[in-house]
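1. Give me a model of this one.
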Amino acid sequence: MSIMDDLSGKGFPVGSTYLELWSRMRIEEGFVTLNRPEEMAFHAGFEGQRALRTWKDRVQRLANLGFIGAKGGPLGDLSYVVVYNPYHVIKRKALAGQVQDRKWQALTIRANEISAFDTDDIDEHGALLPPDENEPGNIQATLEVLASKPASKPKAKKVTAVS
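-> I've put the predicted structure just below:
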């Protein structure tokens, strides 16, 4: 969250907003409906007259930074979000020189301590590597790879008449 806050700019911390979104999503889906924005703002630590406006700003900043994908819908401009793997986003930012080395090293060490090898899913150019078919696991990585591939057209079946 410290790295996220650094990336969002001084005075605009986004970590608590990301954590609130993360806590509401189902890991296997990565999807959150923003149907209770006032409550989400409160749980992210925002109170008072500007709570909702501040929360919406932080959600938009997370989207601009690439940590989430935000979509409008029946609830307004921010109706739904897809929460992306933060290790993937941060590794790409680190490769681009946007993350302090000491924070990147600390994150990598901590990830290894808890056996979170998600950063290995991203190559040295920032591209997502295809998941190992023989290894169960990273559903989010699989979904990201599938989403990045163009949809293939189904082949037409040859029909022969039978008499």
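
2. And for I109, the neighbour number?
-> When neighbours are defined as other C-beta atoms under 10 Å, I109 has 9 of them. All C-beta spots, glycine's among them, are computed from the backbone N, C-alpha and C.

3. Could you check stretch 42-62 and say which residues are buried?
-> Across stretch 42-62, burial judged by 16 or more other C-beta atoms under 10 Å covers 43-46, 51, 54-62.

4. Can you redo these as a markdown table, where the extra columns are secondary structure and pLDDT?
-> Output for the buried residues of stretch 42-62, formatted as a markdown table (DSSP: H, G, I helix; E, B strand; the rest coil; pLDDT from 0 to 100):
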| residue | secondary structure | pLDDT |
| --- | --- | --- |
| H43 | helix | 97 |
| A44 | coil | 98 |
| G45 | coil | 97 |
| F46 | coil | 97 |
| A51 | helix | 97 |
| T54 | helix | 98 |
| W55 | helix | 98 |
| K56 | helix | 97 |
| D57 | helix | 97 |
| R58 | helix | 98 |
| V59 | helix | 98 |
| Q60 | helix | 97 |
| R61 | helix | 98 |
| L62 | helix | 98 |
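
5. Tell me where this protein has helices.
-> Per DSSP state H, the chain carries helices over the ranges 2-8, 15-24, 37-43, 51-65, 86-95, 101-113, 139-148.

6. Now do the strand ranked longest in the chain: distance to the chain's middle.
-> With DSSP state E setting the assignment, residue counts place strand 76-83 as the longest strand in the chain. Strand 76-83 sits 12 Å away from the centroid of its parent chain (C-alpha atoms, centre = their mean, to the nearest Å).

7. Packing partners of that strand?
-> Secondary-structure packing of strand 76-83 (3 or more C-beta pairs under 8 Å, 6 or more residues apart in numbering; DSSP states H and E): helix 15-24, strand 31-33, helix 51-65, strand 68-73.

8. quick one, which of the ones you listed is nearest to A94?
-> helix 51-65 (13.3 Å; C-beta to C-beta).

9. Show me the shaky parts of the protein.
-> Within the chain, the segments meeting pLDDT under 70 span 132-163.

10. domain ranges for it?
-> Domain assignment for the chain by automatic domain parsing gives 2-83, 86-148.

11. winner for burial among the ones you listed?
-> Here the criterion is mean neighbour count by mean count of other C-beta atoms under 10 Å, and of the domains of the chain the winner is domain 2-83, at a mean of 16.

12. That'll do, ta.
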